[in-house]
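J.: this is a predicted model, with the sequence first.
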Amino acid sequence: MNAGKTYGIDVSFEELRLPLSHDVLILAKKSAQGKRGLGKSLDLLAPGTFQTMDTNLEHEHVEAIFVNRKLLTKISAEHLIQVLQRHVFEHVSEGELIKVDMKVRISINNINS
């Protein structure tokens, strides 16, 4: 018998404050720190923790997304971007740096092996 899987995703977001312990950082266009500068800063503060995802997503305010690599072991980059597009991007204003904390729940039901 196949196990039934269900996935649940909770999303919250707010303006970035240090220290870093976030799942996703969204860099808006015309932000004080550019994509390259923020990438270098993140590498200095938390080496190897974040993966940069450029956004050719047709959103007027979002320039880049920095994703905690641990999160990508639980959810695909494509699915993550879809969730952000549906629920977060519309709230991003020009010049902001937004932190997004995500809790990914994976439930497996009917395990009979």
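T.: On my side now, so go ahead. Numbering: from 1, shown residues only.
J.: for the chain, just list every one of the helices.
T.: Taking DSSP state H, the helices of the chain run over residues 35-45, 77-87.
J.: go through the last one and flag the buried ones.
T.: Along helix 77-87, the positions that meet the burial threshold by neighbour count (16 or more other CB atoms under 10 Å) are Leu80, Ile81, Val83, Leu84. C-betas here are computed from N, CA, C, even on glycine.
J.: pLDDT wise, what is the spatially most central residue of the chain at?
T.: The residue lying closest to the centre of the chain (CA atoms, centre = their mean) is Val24, at 3.0 Å. In this prediction, Val24 carries a pLDDT score of 92.
J.: what of the one 5 residues further on?
T.: In the prediction, the pLDDT value recorded for Lys29 is 90.
J.: please apply the same query to the one 3 residues further on.
T.: Among the per-residue scores, Ala32 holds a pLDDT of 88.
J.: so Met53 bridges to which residues?
T.: Beta bridges link Met53 to Ile65, judged by DSSP bridges.
J.: and Leu20, what pLDDT?
T.: 63.
J.: helices and strands around the helix or strand of the chain with the lowest mean pLDDT, which ones?
T.: Within the chain, confidence by mean pLDDT, DSSP states H and E is lowest for strand 4-15 among all helices and strands, at a mean of 82. Applying 3 or more CB pairs under 8 Å, 6 or more residues apart in numbering; DSSP states H and E, we find strand 4-15 packed against helix 77-87, strand 97-109.
J.: distance to Glu60 and mean pLDDT for those - can I get that in a markdown table?
T.: As requested, the helices and strands packed on strand 4-15 are exported to a markdown table (distance: least, CB to CB, whole Å; pLDDT from 0 to 100):
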| stretch | distance to Glu60 | mean pLDDT |
| --- | --- | --- |
| helix 77-87 | 13 | 91 |
| strand 97-109 | 15 | 85 |
